[in-house]
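Chemist: coordinates for the following, if possible.
(2 chains)
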Amino acid sequence: MKNSTFWKLLAAMMVFSLLLAACGGKAPAAGEAEEFVTGSGFVCPEPQPRLEVTSQEFNLFVWTEYIPVEWKECFEKVYGIKVNHDEYSSNEEMYAKLSAGATTYDLILPTDYIVSLMVGQGMLQPWDHAKLPMLANINPGYMDLPFDPGNKYTIPYMAGTDAMVYNAERVATPPTSWADLWNPDYAGRLVLLDDPRVVIGFTLLTLGYDLNTKDPAQLEEAKAKLLELIPNVKLFDSDSPKTALIAGDVDLGNVWNGEAFTAQQEDPNFEYVFPSEGTILWQDNWAIPASAPHLDAVYAWVNYIEQGEMFWMMLRDFPYTVPNAAALEYAKANQTELYDAYVNSPITNTPADVLANGFFMEDVGEATPLYDQIWTEVKGEE
Amino acid sequence: MLRKLREDRSFQGAVLISPTLLFMIGLLIIPLLLTLVISFGSRAPDGTVIYGFSFDNYVRLSGVRTECDNGKSLCLDPIYIQILSRSLSLAFNTTVLAILMAYPLAYFIARAPARKRNTFLFLILVPMWTNFIIRVYAWMMLLRTQGVINSVIGWLAGLVGLHFTPFEMLYTQGAVLVGMVYEFLPFMILPIYTSLEKIELSLYEASADLGARPFRTFLRMTLPLSIPGVVAGTILVFVPVMGTFIVSDLLGGRQIVLVGNLIQNQFLIARDPTFGSAASLMLMTLTLIVTYFYTRKFGFGEEIVTA
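Modeler: Have a look, this model is predicted:
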């Protein structure tokens, strides 16, 4: 008897879930076939201009947590192309996979310093600016930077800072400089980016050296200094350092600005600090691997998502600094709350003096093996 | 041709094993040889391999340095030996804990009524339907400073009016150990179960008839007869733990570096495939040596075949 009640219940649940599924997937009404709506209810804008695309699929290889889901959904629906999406959590990992012979990727997001290395290796192909009407949307301040003069190989995606974040409720003496991270009070309380260039870089800054030094003696000194920081480090994380901060596993650390912004939205106790030695600045850029098989889809994608009515979503999902002026204008008019939060926060809207006092990373050429070796050996210590 | 296939026994054998043989040559032997060749090369600044014949990577692994801080011409930097011994002790602890947890359970299942045994074995396999990485994330939720375990204890302590400082569990060696034991426990239970299940009930009766108490029966009869299962389980647990990197990455916060992490990082972060290859070969050699001496001492577990 009991048994049959169970089966009836199960059957009822299945019917119910089927009903739910049926209600969820709204069938497109006849006559308005052009209007595409994502699962979250966002109405996909029409591409301006709509490009001719014959490719059936498109392979993105991008940083983790960096692409709003609606973009993929809209692009797939509007252009009828399948978007495949692979992720990496460091430039080095992306570089290693591409140089090991991954040839299917169409579009990647290398950061400034790795661009010049990849260009030198012939791993990137130039953009055809004639096919990029979206370029008009980009703030010229983010164009024509030293790592890629004339934007031959890269188109700005997002920019930002690497600085420090702390939980004001739990950290009695907040850090004001990179050197403060060595404070013994912070033992076992730090999260650092799992990124050799950033962590060795700020260690060099505390010693008064150039962030991009190639001098082995200075790097050896930085290694010794960095070994002293290890007891303070609880966690290295480049995927989502905010998670451990919000969950209370760590109290402060070194993160990208967007992570700090999100953490602050979850918990206003999180404060972002620009260290006195200087902040590390970065810019991620769209680039096409030399072997990219679906070029038509690449141009269609970049032009589509860089439209203001698409790109504003970055303010909502991944609040780093937005080089896309059209997106900011769109947000100002249509997403006032997001826009105000973005413009009024120094985390996203980096202050001019921080930019002036900041440093970009550059490719360190023949010193790269030394950086990598220091990183391996520092992390291998207890 | 067809006729040969019909009549020649050894030709039949060759045809039957050829798919596996090709698979092993293409995906095991050739890559291993490549690894060996690469490990003698050196890396260019951009991360490509410069082929050559030098033992630099192995010297670096051994920790012998010719440039020293104190002006001496020879010194020892034990960093890689430390990473190795950390992995060895973790693999050892995982194996011991897994045996201690698996044995009683395997015994219980083996002595359960026959119709229930399959249900129990089935229950052990159920968690494996979920992807392992997702289960590790579940462990992260449990172990966080403000995670499930700490919250529940804190709540209980609050009920009786005690002050409770949350345990720091995630991102520690202990968390990595828990994750490893959790992941590999089924590989210990199944072979031990197979050994125990094969022991005839009449042997227990004979032992009792001859006056042995249950504890003596266990020590003198059950345990020795189940050793092949323990050996098989040990190999199935110890060897993979030595090479795993995902558990220590997620539960150890990427600051507990094991040999597996070292190797993975050489390929993905440090862009030094030559050093990574040398480290892989060292890991393989070491695992082989440990397994060799272990099986020489206890015999090669026949259960490794039946498990």
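Chemist: and for A:Pro351, the neighbour number?
Modeler: 12 (other CB atoms under 10 Å in any protein chain shown). For the C-beta atoms, the positions are set from N, CA and C on the backbone; glycine is no exception.
Chemist: got phi/psi on it?
Modeler: phi -60, psi 150 (degrees, to the nearest 10).
Chemist: look up how far B:Phe132 lies from B:Val126.
Modeler: 14 Å (CB to CB, to the nearest Å).
Chemist: which one's more surrounded, these two?
Modeler: Higher neighbour count among B:Val126 and B:Phe132: B:Phe132, with 15 against 8, using other CB under 10 Å.
Chemist: so the more buried one touches B:Glu183, yeah?
Modeler: Yes - shown here, B:Phe132 and B:Glu183 form a contact pair, counting by CB atoms under 8 Å, at 6.3 Å.
Chemist: and A:Phe58, which of the three is it?
Modeler: strand (DSSP: H, G, I helix; E, B strand; the rest coil).
Chemist: what is the neighbour count of it?
Modeler: Neighbours of A:Phe58 (other CB under 10 Å): 26.
Chemist: let me know the next secondary structure element after the longest helix along chain B.
Modeler: Criterion DSSP state H: the longest helix present in chain B is helix B:79-110. Where DSSP states H and E defines the elements, the next helix or strand beyond helix B:79-110 is helix B:114-125.
Chemist: so what does that next one touch, helix or strand wise?
Modeler: helix B:79-110, helix B:173-198 (3 or more CB pairs under 8 Å, 6 or more residues apart in numbering or on different chains; DSSP states H and E).
Chemist: next, the buried residues of the helix or strand harbouring B:Ile134.
Modeler: According to DSSP H and E, B:Ile134 maps onto helix B:132-143. If you call a residue buried by 16 or more other CB atoms under 10 Å in any protein chain shown, then helix B:132-143 has these buried ones: B:Val136, B:Trp139, B:Met140, B:Leu142, B:Leu143.
Chemist: state the mean pLDDT of it.
Modeler: The pLDDT scores in helix B:132-143 average 94.
Chemist: and it, what does it pack against?
Modeler: For helix B:132-143, the packing partners by 3+ CB pairs under 8 Å, 6+ apart are helix B:148-159, helix B:173-198, helix B:246-251.
Chemist: looking at those helices, which is closest to B:Asn93?
Modeler: helix B:173-198 (5.9 Å; CB to CB).
Chemist: and the pLDDT at A:Asp372?
Modeler: For A:Asp372, pLDDT reads 87.
Chemist: and what of A:Gly208?
Modeler: Value for A:Gly208, per-residue pLDDT: 96.
Chemist: is it in a helix, a strand, or coil?
Modeler: With three-state DSSP as the criterion, A:Gly208 was assigned coil.
Chemist: residues near it, how many?
Modeler: Counted with other CB under 10 Å, A:Gly208 comes out at 8.
Chemist: same question, the one 4 residues further on
Modeler: Counted by other CB under 10 Å, the residues lying close to A:Asn212 total 17.
Chemist: verify the stated contact: it with A:Gly365.
Modeler: No - using CB under 8 Å, A:Asn212 makes no contact with A:Gly365, being 9.6 Å away.
Chemist: that older thread, most tightly surrounded among the helices and strands packed on helix B:114-125?
Modeler: helix B:173-198 (a mean of 22; mean count of other CB atoms under 10 Å in any protein chain shown).
Chemist: and that helix, how far from the chain's centre?
Modeler: A distance of 10 Å separates the centroid of the chain from that of helix B:173-198, by CA atoms, centre = their mean, to the nearest Å.
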